[in-house]
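[1] Let me see the structure of the following:
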Amino acid sequence: MPQSRNANNNLDNESEIVLELLNVVHENSDLTQRSMARELGIALGMANTYLKRCVRKGYIKVRQIPSNRYSYYLTPKGFKEKSRLTAEYLSSSFTFFRRAKDQCLESLRYAEARGWHRVALVGVGDLTEIFALCAIEHSVDLVGILDSDTGKPTFAGLNIAPTIADLEPLDALIITDAVNPQETFDNLLESFPSDRILTLPVLGILRDAPAESEQTQ
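    Below you'll find the model as predicted:
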């Protein structure tokens, strides 16, 4: 079952919630609406809305049990929809991985061509892991990850530091934060040269300086 809603995934947010709901019901028919909301990570009212929608579309059947409680079951139509959405989710996930990998490799080649060897990643997530794997066969030295929010000391085999000063000297920074990439980029501009901050197209970051358009963006 997908655990997070990635903005870079082609499966839209509404479809992903429906898929998660169908998975939750399939795994445990005795869940309450409150526990469903908790499993999905959404508000109770929103969980109720999506549940009613799935019932109305014939994906889920509701059955009353003793003590004024309800059980929820997937219908044959619900199983079919779950399979369809799962296939769509996996397809879009693989597509994202391929795109991200290609762009990570491109940014590594860009850094190598300019003699930038000491590079730090900015942000912890799936993209960070992809980048760390891509860097293994390149001369770029990933000195660590800049991230002040995570409580982890390491990630993907790299040390995590809260400030740029903890990672210096640095030749470049590469943004791998997929949660708030634009905000991260804008904040970095205050303390690091913009031409030394590499961004990936998959993150959709807008750069103000036209002269930088030739680099990996």
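[2] Helices of the protein, residue ranges please.
    Under the criterion DSSP state H, helices of the chain are mapped to 13-27, 33-40, 44-56, 76-113, 126-134, 181-188.
[3] ok, and which of those helices has the densest surroundings?
    helix 126-134 (a mean of 21; mean count of other C-beta atoms under 10 Å). Bear in mind the C-beta positions are built from the backbone N, C-alpha and C, glycine included.
[4] now the angle between helix 181-188 and that helix, please.
    70 degrees (axes from the mean of the first three to the mean of the last three C-alpha atoms, to 10 degrees).
[5] helices or strands next to helix 126-134 in the packing?
    The contact analysis (3 or more C-beta pairs under 8 Å, 6 or more residues apart in numbering; DSSP states H and E) places helix 126-134 against helix 76-113, strand 118-122, strand 141-146.
[6] contacts for the second one?
    With contacts defined as C-beta atoms under 8 Å, 6 or more residues apart in numbering, strand 118-122 is touched by 111, 128, 131-132, 140-147, 158, 161, 164, 167, 169-177, 184, 188.
[7] now the residues you listed: which count as buried?
    Buried residues within the contacts of strand 118-122, counting neighbours by 16 or more other C-beta atoms under 10 Å: 111, 128, 131-132, 140, 142-147, 158, 161, 167, 170-177, 184, 188.
[8] List the residues that contact W116.
    Contacts of W116 (C-beta under 8 Å, 6+ apart): V140, D171, A172, R196.
[9] List the contacts of the third one.
    A172 sits next to A111, W116, R118, V119, A120, R196, I197, L198 when contact means C-beta under 8 Å, 6+ apart.
[10] Repeat the analysis, applying 6 Å as the threshold.
    A111, W116, V119, R196, L198 (C-beta atoms under 6 Å, 6 or more residues apart in numbering).
[11] In TSV, list these along with distance to I60 and pLDDT.
    Output for the contacts of A172, formatted as TSV (distance: C-beta to C-beta, whole Å; pLDDT from 0 to 100):
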residue	distance to I60	pLDDT
A111	50	97
W116	53	97
V119	49	98
R196	52	97
L198	46	97
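[12] Once you drop chain neighbours, what's closest to T75?
    Closest residue to T75 apart from its sequence neighbours, by C-beta to C-beta, 6 or more residues apart in numbering: K61 at 5.3 Å.
[13] Let me fix that, I meant to ask about T128.
    T128 sits nearest to T176 (C-beta to C-beta, 6+ apart), 4.3 Å away.
[14] All set, thanks.
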